[in-house]
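*Asks:* Got a predicted structure here, sequence first:
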Amino acid sequence: MFATLLSLPAALPASVHTDNSWINFDVNSLVQNFWPATFDGLTFGAIYALVALGYTLVYGVLNLINFAHSEVFIMGCYGVVATLTTLGFGPSAPNLSLWAIILNLLLAMIVGMVFSVVTAFVVERVAYRPLRRRGASRLAFLITAIGASFSIQYLIFLIRGSNAEPAVTMFIPTPVFQVFGAIIDSQQLTIVIAAVIMMVFTDQYIRRSRVGRGIRAVAQDPDTATLMGVNRDRIIVTTFVIGGILAGAAALFYVMKVPSGVIYNGGFVLGIKAFAAAVLGGIGNVRGALLGGLLIGVIGNYGQLLLGDSQWSDVVAFIVLVLVLLVRPSGLLGQTLGRSRA
Amino acid sequence: MSAIGGGTPTPTARTVQELDQEESFGGRRRFLGGWRRRWNRMARWQQWLFLIIVLAAIYYLPVANPWLITTEPGNDFPISCFQMAVYALVGVGLNVVVGFAGLLDLGYIAFFAIGSYTAAFFTSPDSAVIHIPYLWTLPLAIGIAMVFGVALGLPTLRLRGDYLAIVTLGFGEIIRILATIIPAAKGQVGFKEVGHPPGTDSQGHPIFSVSNGTPWYWLAVTVIIVILMLVGNLERSRVGRAWIAIREDEDAAEIMGVPTFKFKLWAFAIGAGIGGLSGALFAGQVGFVNNQKFDVATSMLFVAAVVLGGSGNKVGALLGGAIVAYIPLRFTAIADYKYLIFGVILIVLMIFRPQGLVAAKSHLLTYSRVVADRVRELRSARGAPSRGTPVRPAAHAADESTRGGAE
């Protein structure tokens, strides 16, 4: 990675297309498509942010990177696809009335959430709780987390094979309005608005509700929280469940945005990007996850335009993660879950 | 203690606590614990003799092709042996990072890939870079992988361990993506005719060919022995003690004056170097490098190898690497399930046997054998009851009397 960065040509021509070069820069493409890329990036960013919340919340209460969260998310995707296929959706969008579509999507989202929540719950029960009981080391938790992630991934692989699920199109995006010459379509609008509403709701829930107070208490000091009458295990399960619900919602939006992206290891890279988003915003910080997610989405899209391959978006997100850790490891908003006030 | 490390027949470093635990661990004897005790009671010449026999058997393995153990007809046995040796080497390297320093490196495959690509870049006729003899790419692969290791470790090792885990996980995937999308890395087309060590047999065919695994296996085993000696020496030095202090309690180590960042970076770089070396070896035998072989799932197998064998124990890591490579090769029917199997094994092991097959030594004593013998004498002098009794006052007395020196 670094070797490639060092071997950049000294003066950057607008577009270089030689066969043997390391990296091609396509500045024209970036300038021309700046605003559409920004809005598209915000849409992806909203999805990352929803997944990032799952990482952030679990990190807050358990101080653990829940590697299996990417599988919690992808299980939600499978739930969404299974529901929509059963309901008769296929590669081409069905001709339904607006309310019928909304109803169908809500149903798919609920099934996706159930899939995700069940996965999160099982992971917590089977993998993490026995370790907590035994007072295992951090390293043991991390190894278990990665073991859980791969077990679920290859379980899906064995059941559904190595091919992506057939594409499911929910509706054809229609242009709604224009900003800076870029068309905003109904799909982007739906995803961003729904995601932001869910995140605001989550944020308020954690700030104001009784359970939210419990989550913050456990994040702050698990032992003292237990002494004060907080049921730690129940709070941890609740946190996993909240993460699962948000991941299930993200799954619906992801299938909406990338209809043929549901594959057994599809959650993996998205998980890393979502985690990068969580770190960028400040891990353990609910609002940071939103900010970080949107930023990662937008930056990834710029990188993709500039460098010319969609996979560069993953590389760019990773470089952002490393740079954030190097410069500001506490993230942009830098506040932990425990320290946030009601 | 190390069955294969020719240069490390030195007695094990063990604390008194471990002797206690080993002989009465909740009333149960530890798995393989008896073997270790027996080994420690052997005289020095017996240990050497045993090692020589084991080594001879290991070198003879692909030629003997023993019934039941052989991986044929599914897989060529000498080549399978070579793959086991490569995994064992990977295990030894990753053990430095995970086992000694307690840093979880989930993208070890990246260093393996870097080593492979180094070998390919400098030997394959498909690459435009200058060409050098294959054997020179081995140290070069170590060097380049170490540079990448340091570049990755610098931003992350100052932080808590979890960040390292996710950054390495991402790094493993990123290296694969870069191999795909950077034109110079040739993606799926890859590099053919990667070099091999010099030498031809009487008919003029090269000794180190793609189809003949035996010489490659011998080369790999020899490399493993050298690496084991080096790693063993590090382990017993100040560096090794620093690593173990960091693994056990990083804050305490820092307070005691261990420059934790420096030693973590060293562990990470050394691990990366060994990963690069094993990648270069692998590329040489296979003779072809493209972007398809370096998926992160294999990285998980590497971690599983170290954890299964016993993280923190060289022999355990060797054994774990060989087992993880061997099982899918021998039982081809379950080869498709290997990621699932080893993923579940990781969870189950962490819950029920976090120390792995061969437990790590409780470390640190340079003159351990002397102390361990002394403790044993003390015990027998005080008439300790027979093995398996949970708690013995005599043992605890001995414990107290030597602990000052032990810790």
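*Replies:* Structure's in. What do you need?
*Asks:* What residue, apart from its backbone neighbours, is nearest the closest residue to chain B within chain A spatially?
*Replies:* Per Cβ to the nearest Cβ, A:Gly147 is where chain A lies closest to chain B, at 3.0 Å. To be clear about C-beta, it is placed using only N, CA and C from the backbone, and glycine gets the same treatment. With Cβ to Cβ, 6 or more residues apart in numbering or on different chains as the criterion, A:Gly147 has its nearest non-adjacent residue at 3.0 Å, and that residue is B:Leu346.
*Asks:* still on that earlier bit, could you measure the residue of chain A closest to chain B against A:Ala140, distance?
*Replies:* Going from A:Gly147 to A:Ala140 by Cβ to Cβ, to the nearest Å gives 10 Å.
*Asks:* the more surrounded of those two?
*Replies:* A:Gly147 (26 against 18; other Cβ atoms under 10 Å in any protein chain shown).
*Asks:* returning to what we had before: who touches both of A:Gly147 and A:Ala140?
*Replies:* Counting by Cβ atoms under 8 Å, 6 or more residues apart in numbering or on different chains, the shared contacts of A:Gly147 and A:Ala140 are B:Met350.
*Asks:* if we can go back for a sec, residues contacting the residue nearest to A:Gly147?
*Replies:* When contacts are counted by Cβ under 8 Å, 6+ apart, B:Leu346 is found next to A:Ile143, A:Thr144, A:Ile146, A:Gly147, A:Phe150, A:Ser151, B:Met300, B:Val303, B:Ala304, B:Val307.
*Asks:* On the three-state scheme, it is what?
*Replies:* helix (DSSP: H, G, I helix; E, B strand; the rest coil).
*Asks:* continuing past the helix or strand hosting A:Arg129, what's the next helix or strand?
*Replies:* A:Arg129 belongs to helix A:129-134 when assigned by DSSP states H and E. Downstream of helix A:129-134, the next assigned helix or strand under DSSP H and E is helix A:138-160.
*Asks:* As PDB, could you dump the C-alpha coordinates of that following helix?
*Replies:* Extracted C-alpha coordinates of helix A:138-160, given in PDB (Å, rounded to 0.1, in the frame of the first residue of the first chain):
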ATOM      1  CA  ARG A 138      -9.000  -9.600  25.900                       C
ATOM      2  CA  LEU A 139      -7.100 -11.700  23.400                       C
ATOM      3  CA  ALA A 140      -9.500 -14.600  24.000                       C
ATOM      4  CA  PHE A 141     -12.500 -12.300  23.300                       C
ATOM      5  CA  LEU A 142     -11.000 -11.100  20.100                       C
ATOM      6  CA  ILE A 143     -10.100 -14.600  18.900                       C
ATOM      7  CA  THR A 144     -13.600 -15.800  19.800                       C
ATOM      8  CA  ALA A 145     -15.100 -12.800  17.900                       C
ATOM      9  CA  ILE A 146     -13.200 -13.600  14.800                       C
ATOM     10  CA  GLY A 147     -14.000 -17.300  15.200                       C
ATOM     11  CA  ALA A 148     -17.700 -16.400  15.400                       C
ATOM     12  CA  SER A 149     -17.500 -14.200  12.400                       C
ATOM     13  CA  PHE A 150     -15.900 -16.800  10.200                       C
ATOM     14  CA  SER A 151     -18.100 -19.600  11.500                       C
ATOM     15  CA  ILE A 152     -21.200 -17.700  10.500                       C
ATOM     16  CA  GLN A 153     -19.700 -16.600   7.200                       C
ATOM     17  CA  TYR A 154     -18.900 -20.200   6.200                       C
ATOM     18  CA  LEU A 155     -22.100 -21.500   7.500                       C
ATOM     19  CA  ILE A 156     -23.800 -19.200   5.000                       C
ATOM     20  CA  PHE A 157     -21.300 -20.400   2.400                       C
ATOM     21  CA  LEU A 158     -22.200 -24.000   3.000                       C
ATOM     22  CA  ILE A 159     -25.900 -23.300   2.800                       C
ATOM     23  CA  ARG A 160     -26.100 -20.800   0.000                       C
END
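*Asks:* In chain A, where is pLDDT below threshold?
*Replies:* With pLDDT under 70 as the threshold, chain A has low-confidence stretches at A:1-24, A:335-342.
*Asks:* and with 50 instead?
*Replies:* Applying pLDDT under 50 to chain A flags residues A:1-18, A:341-342.
*Asks:* swap in the stretch 301-407 of chain B?
*Replies:* Within the stretch 301-407 of chain B, the ranges that satisfy pLDDT under 50 run B:363, B:365-366, B:386-407.
*Asks:* near chain A, which residues of it?
*Replies:* Residues of the stretch 301-407 of chain B lying near chain A by Cβ under 8 Å from any Cβ of the partner chain: B:303-304, B:307, B:336-337, B:339-340, B:342-347, B:350-351, B:354.
*Asks:* hmm, back to that, return the residues in contact with the residue of chain A closest to chain B.
*Replies:* Going by Cβ under 8 Å, 6+ apart, A:Gly147 touches A:Ala127, B:Met300, B:Ala304, B:Gly343, B:Val344, B:Ile345, B:Leu346, B:Ile347, B:Met350.
*Asks:* hmm, 10 Å instead?
*Replies:* Counting by Cβ atoms under 10 Å, 6 or more residues apart in numbering or on different chains, A:Gly147 touches A:67-68, A:127, B:300, B:303-304, B:307, B:342-350.
*Asks:* Equivalent analysis for A:Leu50, please.
*Replies:* Residues near A:Leu50 by Cβ under 10 Å, 6+ apart: A:73, A:191, A:194-196, A:198-199, A:202, A:243, A:245-254, A:274, A:277, A:289-290, A:293.
*Asks:* same check, this time on B:Gly199
*Replies:* So B:Gly199 contacts B:Pro206, B:Ile207, B:Phe208, B:Pro215 (Cβ under 10 Å, 6+ apart).
*Asks:* closest to chain A among those?
*Replies:* Nearest to chain A among the contacts of B:Gly199, with distances taken as Cβ to the nearest Cβ, is B:Phe208, at 28.3 Å.
*Asks:* just the buried members of the contacts of B:Gly199?
*Replies:* The neighbour count (16 or more other Cβ atoms under 10 Å in any protein chain shown) marks B:Phe208, B:Pro215 as buried among those.
*Asks:* what does the stretch 51-200 of chain A put close to chain B?
*Replies:* Taking Cβ under 10 Å from any Cβ of the partner chain as the contact definition, the stretch 51-200 of chain A meets chain B at A:55, A:59, A:63-65, A:67, A:123, A:126-131, A:133-134, A:136-158.
*Asks:* What does the residue of the stretch 101-250 of chain B found nearest chain A show for phi and psi?
*Replies:* The minimum distance from the stretch 101-250 of chain B to chain A, using Cβ to the nearest Cβ, falls at B:Pro155 (3.8 Å). Taking degrees, to the nearest 10, you get phi -70, psi -30 for the backbone angles of B:Pro155.
*Asks:* so who does the nearest residue to it once chain neighbours are set aside touch?
*Replies:* In this structure, B:Pro155 finds its nearest non-sequential neighbour in A:Leu326, 3.8 Å apart by Cβ to Cβ, 6+ apart. Going by Cβ under 10 Å, 6+ apart, A:Leu326 touches B:Leu154, B:Pro155, B:Thr156, B:Arg158, B:Leu159.
*Asks:* For these, pick the one with the most neighbours.
*Replies:* Counting by other Cβ under 10 Å, B:Thr156 has the largest number of neighbours within the contacts of A:Leu326, with 26 neighbours.
*Asks:* Scan chain A for its longest helix.
*Replies:* In chain A, with assignment by DSSP state H, the single longest helix is helix A:34-62.
*Asks:* Quick check: chain neighbours aside, which residue is closest to B:Leu340?
*Replies:* A:Tyr154 (4.1 Å).
*Asks:* That neighbour: neighbour count?
*Replies:* Neighbourhood size, A:Tyr154 [other Cβ under 10 Å]: 23.
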